[in-house]
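Student: this one's sequence-less:
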């Protein structure tokens with residue numbers, strides 16, 4: 001994903017302060033329909049999501065499937 005525009009509001013909404021460090025580095029985050037919905041971390045071989053708000057069940061299931069793919073890829 002290219003994040004080279006002046007405003008990140010369309011993607012990050014009110015969460016920019018939480019997602020971007022002082023030096024412009026993005027923390028790992030999950031997206032649904034082109035919007036940031038959660039931060040995530042990998043610990044002990046498991047991806048943990050910290051949603052900003054409630055995520056629809058179908059979207060949460062899709063994010064979980066993506067998380068399993070990340071773990072499987074990193075386990076190779």
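Tutor: All right, it came through fine. Please read all numbers here as calculations on a predicted model, not as lab measurements. Numbering: from 1, shown residues only.
Student: where does this protein dip in pLDDT?
Tutor: Low-confidence segments of the chain (pLDDT under 70): 1-5.
Student: Go through it and flag its longest strand.
Tutor: Longest strand of the chain, by residue count under DSSP state E: strand 35-43.
Student: Give me the next element, helix or strand, following it.
Tutor: strand 46-51 (DSSP states H and E).
Student: Now that following strand: buried residues?
Tutor: For strand 46-51, burial by neighbour count (16 or more other Cβ atoms under 10 Å) applies to 47, 49. For the C-beta atoms, the positions are set from N, CA and C on the backbone; glycine is no exception.
Student: what's it packed up against?
Tutor: Judged by 3 or more Cβ pairs under 8 Å, 6 or more residues apart in numbering; DSSP states H and E, strand 46-51 is in contact with strand 35-43, helix 57-74.
Student: Quick one: closest of these to residue 19.
Tutor: Proximity to residue 19 (Cβ to Cβ) singles out strand 35-43 among the helices and strands packed on strand 46-51, at 6.1 Å.
Student: what sits up against the closest one?
Tutor: The contact list for strand 35-43 (Cβ atoms under 8 Å, 6 or more residues apart in numbering) reads 10-13, 15, 18-19, 27-31, 47-53, 55, 59, 63, 67, 70-71, 74.
Student: buried ones in that strand?
Tutor: Applying 16+ other Cβ under 10 Å to strand 35-43 flags 36, 37, 38, 39, 40 as buried.
Student: Direction included, what does that strand pair against?
Tutor: strand 29-32 (antiparallel), strand 46-51 (antiparallel) (DSSP bridges).
Student: looking at the ones you listed, which is closest to residue 23?
Tutor: Closest of the strands paired with strand 35-43 to residue 23 is strand 29-32, at 16.6 Å (criterion: Cβ to Cβ).
Student: And the closest one, how far out from the chain middle?
Tutor: 4 Å (Cα atoms, centre = their mean, to the nearest Å).
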